[in-house]
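A.B. asks: 3D, please:
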Amino acid sequence: MLRLDKWFGLRSIRHKLMIAAIACILIPAVLTQFIYTSLTKDAVQRQAVSNAQDSLLLAESSVSNLLVSMLNMANYVQTNADMTSYFKLVVSGNAQSRDAYLNFTDQKRIIEQLDSLTVSEKSYITVLLTDDTFFTNYSTSDYNPLLLKEEPWFERLDGLKWPSSHWIGASPTVFAYMSEESPYQLSLARTLRRDDSRIYGYVVITVMEKQVRRLFERLSSDQEMMLLDEKGRILSSGDASRIGQTFTEAGESTGILHTSIRTIDGEKYLITEKPFSFNDWRLVSKQRYSEAIVDISSIFNQVFVVQLSSLAVFLLILLVLLRAFTKPLVQLGRTTSSVQRGNLSVRSGVRGTDEIGRLGFLFDQMLDRIQEMIAEISDTQARKRKAELKMLQAQIHPHFLFNVLNSIRMRVMRGGDADSAKMIGSLSTLLRMTINSDADEISLHEELELLTHYVELMNLRQKEKVELSLDIAAEAMLVRVPRFFLQPIVENALIHGFNQKAGRIRIRAEMEEGALRLSAEDDGVGMDEEAVASLNRKLRRAMDDQGAQRAEPAAAAGIGAGTAFSGMGLTNVVERMTMLCGDRFSIAVESRKEAGTLIRVTIAYERMDGHV
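C.D. replies: Residues are numbered from 1 along each chain as shown. Modelled structure (predicted):
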């Protein structure tokens, strides 16, 4: 491993970073310049050739699509069963014996199919049968299809092997209304044959040369694009005056995309050629080499100048930044040394939005927290000793209290006061269930038993009794629920919903989709919409805080704090349920003025036997 402190006597990380940064910049810069000098020439030439080939391929794709569309039209006419059947019928003379209207509809259908073959650019389709019957997608007043027989290439069609096509190069446009716009046209001809290879017709597809020229005009002005036939004659070019001339600079076709650098009249040119796969034509581009590389050479030169001129500036800026970046590290090192010596009051004071700034902030925050924890631990130990003392002072034997209450109940019952005896019995049961169980959760039937005793006890102090109705599904009885979570809900209904009046509280519980669905509904005075919305917000906030907030006063929450059995209030119950059940618990309150209140509680359940 390299040891810079031994080589250069460096001990500071700041100096090590500076030396390493300078070396990492200068060494690659020198190597880059050397490689740049040796490879620039070849890279420029390769890029120029690549650009020329990309442009040619782009043009070749468009021109190829146009020519292939001509082939597809001919294939459609040749393979369409409806068309060929009718053509054979006409040539055989049998069409004359058919109904005239039927012949008319067949001819109309064929012409409509020919018209549908051309969509964006107009293509001229001619089907000429051997009996001189013809079908076209253009008006015969523009051109008589029978004149095709007078063309010099027409006789050569009979010698074509099926399904070969004869490509006809640039020839004067025969459609008078198109001759000014496009003086030349390109055509494809093919024979129509019977199964026994006898010819019964010909199909000729014609497009205007301007369609190809328009594709060439989209390319850059410094590149000349041409369409050549197998003999090197120019069929289409961006310069229409060159059509028909022979392009002598093109070499022999190699059958693949090829680019060569040739000297013409003392100047270097890039000549790129690409033959078509479906005929003997090829696409050729010609571009001055100096124009092809001007942009690339300019980019290389500009990059070199920028690299050279900015190197010194970047080195200077780097050294300044390294010094600024490492300054907080130096300060943190000094602070750490002080803490190591036992001084916990010292702080680094390093702040910022980067990692070092956050490290300094967190380091100082850690020291603050350590001091706070030391103080908290001391205070906790003192409070723990006081709590243990109070627990010892508050301990009484629960069974003694139960025995005394039972003795009082029996004495009152013998005295004939059954209501008072019942009140004492319910109180004794509530105290026994409260004191004798340390579990946070009990079964639902135990909670309901506790709730029943509580309502009986409260009815003895009410002017009018409240009826408690239980509608509990059998499978819900063994579900474990937190202790005393129903009592505050019922207590709020008793105190605030009925206010010493008679009424009814109905508790429903059922199992649904892996959860206990429980509702508590009363027919008391209810609440208005604003109070319900406020209460639901407070309950949601209590669930979100997960018991971190203390319960708000009953008046602020719109619910009573209750008696000694409900000192926690409804908000405290929600906080306790959230701490015990987490996201397994949810609660919602529905109410209408003078129509009662409905509280829905959902708890993901677990049965006492361990099954879910």
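A.B. asks: From now on I want contacts and neighbour counts done on CA atoms only, so please keep to that.
C.D. replies: Fine.
A.B. asks: Mind jotting down where the strands sit in the stretch 51-200 of the chain?
C.D. replies: Per DSSP state E, counting those that start in this stretch, the stretch 51-200 of the chain carries strands over the ranges 124-129, 134-136, 166-172, 184-193, 199-208.
A.B. asks: Same list (these) but as JSON lines, adding mean neighbour count, distance to residue 16 and mean pLDDT.
C.D. replies: As requested, the strands of the stretch 51-200 of the chain are exported to JSON lines (neighbours: other CA atoms under 10 Å; distance: least, CA to CA, whole Å; pLDDT from 0 to 100):
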{"stretch": "strand 124-129", "mean neighbour count": "23", "distance to residue 16": "79", "mean pLDDT": "93"}
{"stretch": "strand 134-136", "mean neighbour count": "19", "distance to residue 16": "86", "mean pLDDT": "92"}
{"stretch": "strand 166-172", "mean neighbour count": "18", "distance to residue 16": "75", "mean pLDDT": "91"}
{"stretch": "strand 184-193", "mean neighbour count": "23", "distance to residue 16": "75", "mean pLDDT": "92"}
{"stretch": "strand 199-208", "mean neighbour count": "21", "distance to residue 16": "74", "mean pLDDT": "93"}
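A.B. asks: helix or strand for residue 226, which one?
C.D. replies: strand 223-228 (DSSP states H and E).
A.B. asks: about what we covered before: any idea which of the strands of the stretch 51-200 of the chain gets closest to residue 473?
C.D. replies: Proximity to residue 473 (CA to CA) singles out strand 124-129 among these, at 82.8 Å.
A.B. asks: to the chain's geometric centre, what's the distance from that closest one?
C.D. replies: 53 Å (CA atoms, centre = their mean, to the nearest Å).
A.B. asks: Would you mind writing the CA trace of that strand as PDB?
C.D. replies: The C-alpha trace of strand 124-129 is given here as PDB (Å, rounded to 0.1, in the frame of the first residue of the first chain):
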ATOM      1  CA  TYR A 124     -51.100   5.000 -61.000                       C
ATOM      2  CA  ILE A 125     -52.300   1.300 -61.500                       C
ATOM      3  CA  THR A 126     -53.000  -0.200 -64.900                       C
ATOM      4  CA  VAL A 127     -54.300  -3.700 -65.500                       C
ATOM      5  CA  LEU A 128     -54.200  -4.500 -69.200                       C
ATOM      6  CA  LEU A 129     -55.600  -7.900 -70.400                       C
END
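A.B. asks: Quick one: residues in contact with it.
C.D. replies: For strand 124-129, contacts defined as CA atoms under 8 Å, 6 or more residues apart in numbering pick out 87, 91, 114, 134-138, 145-146, 200-207.
A.B. asks: Relative to that strand, what are the paired strands and their orientations?
C.D. replies: Strand 124-129 pairs in its sheet with strand 134-136 (antiparallel), strand 199-208 (antiparallel), by DSSP bridges.
A.B. asks: sorry, back to before: check which strands are paired with the strand holding residue 226 and give the direction for each one.
C.D. replies: Partners of strand 223-228 in the sheet, by DSSP bridges, are strand 234-237 (antiparallel), strand 282-288 (antiparallel).
A.B. asks: Pick the most buried one from the ones you listed.
C.D. replies: Mean neighbours per residue, mean count of other CA atoms under 10 Å, is largest over these for strand 234-237, with a mean of 26.
A.B. asks: Give me the next element, helix or strand, following that strand.
C.D. replies: Next element after strand 234-237 (DSSP H and E): strand 258-264.
A.B. asks: Counting by contacts, list what that following strand packs against.
C.D. replies: When contacts are defined as 3 or more CA pairs under 8 Å, 6 or more residues apart in numbering; DSSP states H and E, strand 258-264 packs onto strand 267-275.
A.B. asks: Does anything pack onto the strand it packs on? Which helices or strands?
C.D. replies: helix 13-79, strand 258-264, strand 282-288, helix 289-340.
A.B. asks: So which of these is the most surrounded?
C.D. replies: Ranked by mean neighbour count, these are led by strand 282-288 with a mean of 22 (mean count of other CA under 10 Å).
A.B. asks: quick one: average pLDDT of that one?
C.D. replies: Across strand 282-288, pLDDT averages out at 88.
A.B. asks: Now do that strand: distance to the chain's middle.
C.D. replies: That offset, for strand 282-288, works out to 45 Å (CA atoms, centre = their mean).
A.B. asks: Show residues contacting that strand.
C.D. replies: Residues from elsewhere that reach strand 282-288 (CA under 8 Å, 6+ apart): 52, 56, 60, 222-230, 250, 267-276.
A.B. asks: could the strands of the stretch 51-200 of the chain be laid out in TSV, adding distance to residue 465?
C.D. replies: Shown next, in TSV, are the strands of the stretch 51-200 of the chain (distance: least, CA to CA, whole Å):
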stretch	distance to residue 465
strand 124-129	100
strand 134-136	102
strand 166-172	107
strand 184-193	105
strand 199-208	101
